[in-house]
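>>> only geometry, no sequence info:
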């Protein structure tokens, strides 16, 4: 059985799972949703069938599991978003269409040799800085929950840092590959361009208070640097700098102090001053409200969950029980409705995607392919860890998205481009000589 035939069979299975999920939501909420809602499942399957056809033509020997796993995660997210709000599901569906188009366009444009991206490393580096700097501009930049990471142009709102992440990984992989031998010797002058662009990116991220992305970029930087040089000393120095920088940001930025306080002490027994309010109230009713309600939602799911469409996410008088539920806290909604068993299965899919990405990096035939593939995979895994770790109180909560699942157009498009690059690397590693 060829890789693409195996991919098609798994996609058919994913389509059946998607149809079952939408049917479950319809059955649970049949008084509110028309049977036409099941057309989402058919639309979803046709869309990924088109993606499969493009992959069959452009990357016939690529990994056969990456696209089905991305399809499954997207289906889970779209189903839950539809359950939380049909209008948001329609918009998310349109972004998935754009994401699949970006996936197909990337495969077609780079099908002959994606390694030519290495020749434009400085362009990618500067593009990454430009994308990260956009939210800091006065008229188009937009703040959400204290972090200035959105750009709004008319009715269009997107998060440029998602695409900036991919551009930065390509730059880091290309530069470190070209300087691999001299960097291993540890000469300071060879780190100049690398540290300059990375340092500017960090300053922009800290200035916009987008600390989740700052942590993500820092982790990716250390990971690719270690893979290129195999020197643990660099990782150790980087971790020391990270701890020192974190302490400095904690002392100087109130937004960061609030996030750490919410993480360590989400509940209080006495009323305390609440930011934005003139009255005193317990922290769980104010600053840590989202996190506490999210933890209650996870706990309510128990072992087997309440079932799709049967979770409790609205207040008795109307309104959302957990703000930003379909973006930052969609993991909590899934944990309540699918339970420990279901959410563990979703985490397993994320782990398998990561394993396949690193496996592709291991078999890649050249240094640039190895670094870019490993960097993209590590970034995917780290982003998943950061958002889930924040929701379950393992680390302070940040506002980044859960890949392929959370509501948000820029995240969906960026992850489909990431998927396309991984498949291009896999194709070159697996194709006959």
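Alright, I've got the coordinates. Remember, predicted model here, so these are calculated numbers, not experimental data.
>>> Is residue 157 inside a helix or a strand, and which specific one?
strand 156-158 (DSSP states H and E).
>>> Kindly apply the preceding question to residue 25 instead.
Taking DSSP H and E as the definition, residue 25 sits inside helix 3-28.
>>> Run the angle between the lengthiest helix in the chain and helix 3-28 for me.
Ranked by residue count and defined by DSSP state H, the top helix of the chain is helix 330-363. Between helix 330-363 and helix 3-28, the angle comes out at 180 degrees (axes from the mean of the first three to the mean of the last three Cα atoms, to 10 degrees).
>>> Only the buried residues of helix 330-363, if you could.
By neighbour count on 16 or more other Cβ atoms under 10 Å, the buried set for helix 330-363 is 330-339, 342-343, 346, 349-350, 353-354, 356-357, 359-361. All C-beta atoms are positioned from the backbone trio N, CA, C, and that covers glycine.
>>> swap in stretch 4-11?
Counting neighbours by 16+ other Cβ under 10 Å, one finds that the buried residues in stretch 4-11 are 4, 7-8, 10-11.
>>> tell me the strands in the stretch 151-300 of the chain, going along the chain?
With DSSP state E, counting those that start in this stretch, the ranges of strands along the stretch 151-300 of the chain come out as 156-158, 272-273, 280-281.
>>> mind checking which of the ones you listed is nearest residue 366?
Residue 366 lies closest to strand 156-158 among the strands of the stretch 151-300 of the chain, at 33.1 Å (Cβ to Cβ).
>>> Could you pull up the mean pLDDT of the closest one?
Averaging pLDDT along strand 156-158 gives 72.
>>> Let the chain start at 881 from now.
Sounds good: first residue 881 from here, last item strand 1036-1038.
>>> what's the spacing between residue 940 and residue 1290?
For residue 940, the distance to residue 1290 equals 30 Å [Cβ to Cβ, to the nearest Å].
>>> the more surrounded of these two?
residue 1290 (22 against 13; other Cβ atoms under 10 Å).
>>> per-residue pLDDT, that one?
The model's pLDDT for residue 1290 equals 85.
>>> and the helix or strand harbouring it with helix 1210-1243, angle?
Here residue 1290, judged by DSSP H and E, is contained in helix 1289-1310. For helix 1289-1310 against helix 1210-1243, the angle by the same axes, to 10 degrees is 20 degrees.
>>> tell me which residues of helix 1289-1310 are tucked away?
Neighbour-count burial for helix 1289-1310 flags 1289-1309 (criterion: 16+ other Cβ under 10 Å).
>>> and the host helix or strand of residue 954 with helix 1210-1243, angle?
Element membership of residue 954, judged by DSSP H and E, is helix 946-964. Angle of helix 946-964 versus helix 1210-1243, following the same axes, to 10 degrees, is 170 degrees.
>>> which element follows helix 946-964 toward the C-terminus?
helix 966-989.
>>> Which residues belonging to that following helix are considered buried?
966, 969, 972-973, 975-976, 979-984, 986-987.
>>> Which one of these is nearest to residue 1188?
residue 969 (13.3 Å).
>>> Residue 1117: which of the strands of the stretch 1031-1180 of the chain is closest?
With Cβ to Cβ as the criterion, residue 1117 lies closest to strand 1036-1038 of the strands of the stretch 1031-1180 of the chain, at 35.1 Å.
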